[in-house]
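Asks: got a predicted structure plus its sequence, pasted below:
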Amino acid sequence: MPLTPRTTPLSLTDAAHLLRRTGFGATEAQIHALVGRTPQAAADELLTFSAETLPTPFQPLGAVSPGAAIKLMQAAWLREMVLTPHPLRERLTLLWSNHFVIGTDKVKNVSALEGYLSALRTHALGRFGDLALAAVQTPAVLRYLDNDQNKKGKPNENLGRELLELFTAGIGHYSENDVKEGARALTGWTYQGGRGNKQFAQPQTFTFNARQHDAGVKTYLGQSGQFGGEDIVRLAAAHPATADRVAFKLWQAFVSDAPDPAGQAALADVLRQNGGDLRQTLAALLGSQDFYAATGRIIRSPVDFVVGALRASGRQDFSEKTYLSLTTSLARLGQELLHPPTVKGWDGGREWINDGTLLLRMQVAAALSLGQPKNPALSSVPPSALALLGRPDLPPAFAKLGPAQRTYLMLVSPEYQLL
C-alpha cells in the first residue's frame with residue numbers, strides 16, 4: 001500500500017513533533033508558527049534550503065595539529081546544527097554521514113573533511129545517485145576506503161565492496177565478482193594535495209589518474225562494458241534493492257527505530273517512482289499519516305539530546321567554549337562527530353542508552369541547566385515544556401520548582417529521551 005497523506009492541519013503537538021523530528025528541536029514561537037498549516041505545506045517549507053552555512057568563529061586551518069583542527073571542525077558543525085535556520089539540512093547531513101561513513105582516525109585533512117560535509121549538504125535532497133557519486137568522489141571517502149591505493153593490476157577492493165554492501169544494494173544483492181569488477185572500474189580515482197599529518201591544512205581535491213585506470217571490459221551487476229567509476233556508482237545506486245536500503249535509513253531517521261516492512265516498502269516505492277529523488281520522497285514521508293502516528297518511537301541520539309536542548313532555548317550567543325566542551329560530551333555519549341565507531345556507522349536506537357550513557361546524559365543536563373559550570377547555557381532563556389517535550393503542560397509538582405530545576409528534570413525525563 002502507498003503512503004497515506006495526512007490532510008488534517010497541524011495542531012500544537014503535531015507542529016512540535018514535526019520540528020523535533022526534522023530539526024532537532026525548536027522554540028515555542030517556531031512551533032506556534034506552524035499550527036494550522038497542512039502537513040504538506042509545512043514539509044515543503046522545511047525541505048527548501050540552500051547548502052550555504054553560517055560564518056563561523058572556528059578556524060581549523062589555523063590549528064597547530066590535525067587533532068586540534070578536527071576538534072575545531074566538530075565544534076563548527078555542532079554550532080551550525082544549533083544556529084542554522086535550516087536544521088533539516090544538518091539532520092540530513094548527519095544522516096548521510098552515517099551512511100557514507102568516514103572517520104577522523106584516517107581522514108585528518110581539513111579540506112577533505114570540509115569537502116565531504118559540503119557534498120552531503122549540497123546533494124542531501126537531490127537524486128540518490130547524484131548524492132552517492134558526490135560522496136564517493138570526495139577525498140575523505142577515497143582516503144578512508146583506501147581507493148588512493150586502488151591501481152591497475154593491483155586493485156584494492158575496499159571502496160568497491162562498501163559501495164555495494166553499505167552504500168547501495170546491500171548484502172545478498174551482489175556477488176564477489178561484482179566487488180572485484182567494481183574495484184577495477186574504480187582504479188585511478190584518487191586525490192591530489194596535502195598528504196600526511198603534517199600537511200593537514202593543505203587542500204585536497206579529487207583527481208582521475210588515467211594511467212592507473214583499468215580500461216578493460218567489466219561485468220557488473222549483470223551488465224558489461226568498459227565501465228569507469230561513475231558508471232558503476234550509478235549502476236549500484238539504480239539497483240532495485242538500493243531503494244529498499246535508503247528507505248530503511250529514512251524510516252529509522254524520521255519515523256521509528258523499529259522496522260516496519262510495509263511502511264518501508266511503501267517509502268521505497270515512492271523513491272523508485274521518483275527516480276531516486278530524495279526531496280520528493282521526504283515530502284511524501286513527512287506529509288504522511290505514518291509520520292504523525294509514530295510519536296515517541298525514536299530514541300534521541302546524543303546529538304539530538306544536546307542540539308535539541310540548545311535549539312529549544314532560542315539562544316544565539318552560546319560561547320565557543322560551550323561548543324568545544326559539548327563536542328567532547330558528544331564523544332563521551334557515544335557520538336563523536338565525523339568519527340563513527342566502524343565503517344557501518346552508529347547503530348542508533350537502543351545502542352544509545354545504557355547505564356553509563358544515562359548517567360552521562362544527566363551530567364550534561366546538569367551542566368546545561370543547573371550551573372555546572374557556573375554559567376549554564378540554558379539559565380538565561382529556559383526552554384518551555386512545549387519546546388522540550390512537545391506538550392504545553394507540566395506535572396503539577398514542576399510548578400513549585402525554579403526554571404533551572406524544571407529544565408533539568410525535563411532534560412532527564414523519559415519523555416525527552418524519545419522523539
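Replies: Yep, that arrived.
Asks: what's the longest helix that the chain contains packed up against?
Replies: Longest helix of the chain, by residue count under DSSP state H: helix 66-83. The contact analysis (3 or more C-beta pairs under 8 Å, 6 or more residues apart in numbering; DSSP states H and E) places helix 66-83 against helix 87-97, helix 110-122, helix 302-313, helix 320-333. C-beta coordinates here come from the backbone N, C-alpha and C atoms, glycine included.
Asks: again, 6 Å this time
Replies: helix 302-313, helix 320-333 (3 or more C-beta pairs under 6 Å, 6 or more residues apart in numbering; DSSP states H and E).
Asks: return the set of buried residues in the last one.
Replies: Of the residues in helix 320-333, those with enough neighbours to count as buried (16 or more other C-beta atoms under 10 Å) are Thr322, Tyr323, Leu324, Leu326, Thr327, Ser329, Leu330, Leu333.
Asks: quick one on the thing from earlier: of all the helices and strands packed on helix 66-83, which one is nearest Lys151?
Replies: helix 320-333 (35.5 Å; C-beta to C-beta).
Asks: related to what we said a few turns ago, now tabulate the helices and strands packed on helix 66-83 in a markdown table and tack on distance to Ser11 and mean pLDDT.
Replies: Shown next, in a markdown table, are those (distance: least, C-beta to C-beta, whole Å; pLDDT from 0 to 100):
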| stretch | distance to Ser11 | mean pLDDT |
| --- | --- | --- |
| helix 302-313 | 19 | 98 |
| helix 320-333 | 32 | 98 |
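Asks: Phe100 is in contact with Ala135, correct?
Replies: Yes - shown here, Ala135 and Phe100 form a contact pair, counting by C-beta atoms under 6 Å, at 3.9 Å.
Asks: which stretches of this structure have low pLDDT?
Replies: Applying pLDDT under 70 to the chain picks out residues 372-376, 379-380.
Asks: surely Arg272 forms part of a helix?
Replies: Yes - assessed by DSSP: H, G, I helix; E, B strand; the rest coil, Arg272 belongs to a helix.
Asks: tell me the contacts of it?
Replies: By C-beta atoms under 6 Å, 6 or more residues apart in numbering, the contact set of Arg272 is Ala243.
Asks: could you do Phe206 as well?
Replies: Applying C-beta under 6 Å, 6+ apart, the residues contacting Phe206 are Gln137, Tyr191.
Asks: let's go with 10 Å and repeat that
Replies: By C-beta atoms under 10 Å, 6 or more residues apart in numbering, the residues touching Phe206 are 112, 115, 119, 134, 136-139, 141-142, 189-193.
Asks: filter the residues you listed to the buried ones?
Replies: Judged by 16+ other C-beta under 10 Å, buried ones among those: 112, 115, 119, 134, 136-139, 141-142, 189-191.
Asks: now, which of the residues you listed lie within helices?
Replies: Reading helices off the buried ones among the contacts of Phe206 with DSSP H, I get Ala112, Gly115, Ala119, Ala134, Val136, Pro139, Val141, Leu142.
Asks: what would those look like in a markdown table with distance to Arg315?
Replies: Converted to a markdown table, these look like this (distance: C-beta to C-beta, whole Å):
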| residue | distance to Arg315 |
| --- | --- |
| Ala112 | 32 |
| Gly115 | 31 |
| Ala119 | 30 |
| Ala134 | 34 |
| Val136 | 38 |
| Pro139 | 36 |
| Val141 | 35 |
| Leu142 | 39 |
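Asks: so which bits of the host helix or strand of Val246 are buried?
Replies: Val246 belongs to helix 240-254 when assigned by DSSP states H and E. By 16+ other C-beta under 10 Å, the buried positions in helix 240-254 come out as 241-248, 250-254.
Asks: ok, those residues vs Leu12, which is closest?
Replies: Phe254 (20.1 Å).
Asks: measure the closest one to Ala283 for me?
Replies: 12 Å (C-beta to C-beta, to the nearest Å).
Asks: rewinding a little: now the helices and strands packed on helix 66-83 in JSON lines, with distance to Glu351?
Replies: Below are the helices and strands packed on helix 66-83 laid out as JSON lines (distance: least, C-beta to C-beta, whole Å):
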{"stretch": "helix 302-313", "distance to Glu351": "11"}
{"stretch": "helix 320-333", "distance to Glu351": "11"}
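Asks: Asp269: which of these is closest?
Replies: helix 302-313 (28.3 Å).
Asks: so which of the helices and strands packed on helix 66-83 gets nearest Ala76?
Replies: Ala76 lies closest to helix 320-333 among these, at 7.9 Å (C-beta to C-beta).
Asks: joint contacts of Ala135 and Phe100?
Replies: With C-beta under 10 Å, 6+ apart as the test, Ala135 and Phe100 both reach Tyr116, Ala119, Leu120, Val141, Phe167.
Asks: and of these, the nearest to Asn177?
Replies: Proximity of these to Asn177 (C-beta to C-beta) peaks at Phe167, which lies at 18.3 Å.
Asks: any idea how far Leu221 is from the closest one?
Replies: Taken as C-beta to C-beta, the span from Phe167 to Leu221 is 14 Å.
Asks: and for Pro261, the neighbour number?
Replies: 10 (other C-beta atoms under 10 Å).
Asks: confirm Arg37 sits in a strand?
Replies: No - judged by three-state DSSP, Arg37 forms no part of a strand; its state is coil.
Asks: for it, what are its contacts?
Replies: Arg37 neighbours (C-beta under 10 Å, 6+ apart): Pro9, Leu10, Asp14, Ala15, Leu18, Ala43, Asp44, Glu45.
Asks: could I get those residues as CSV with neighbour count and distance to Ala377?
Replies: Listed next are the contacts of Arg37 as CSV, based on neighbours: other C-beta atoms under 10 Å; distance: C-beta to C-beta, whole Å:
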residue, neighbour count, distance to Ala377
Pro9, 15, 34
Leu10, 21, 29
Asp14, 22, 28
Ala15, 24, 25
Leu18, 25, 25
Ala43, 23, 30
Asp44, 15, 33
Glu45, 13, 28
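Asks: would you check which pair of these lies furthest apart?
Replies: Farthest pair in the contacts of Arg37 (C-beta to C-beta) is Asp14 and Asp44. Separation: 15.7 Å.
Asks: and stretch 229-249, how far out from the chain middle?
Replies: Put simply, stretch 229-249 sits 18 Å off its chain's centre (C-alpha atoms, centre = their mean, to the nearest Å).
Asks: same deal with stretch 112-131?
Replies: With C-alpha atoms, centre = their mean as the basis, the mean position of stretch 112-131 lies at 11 Å from the chain mean.
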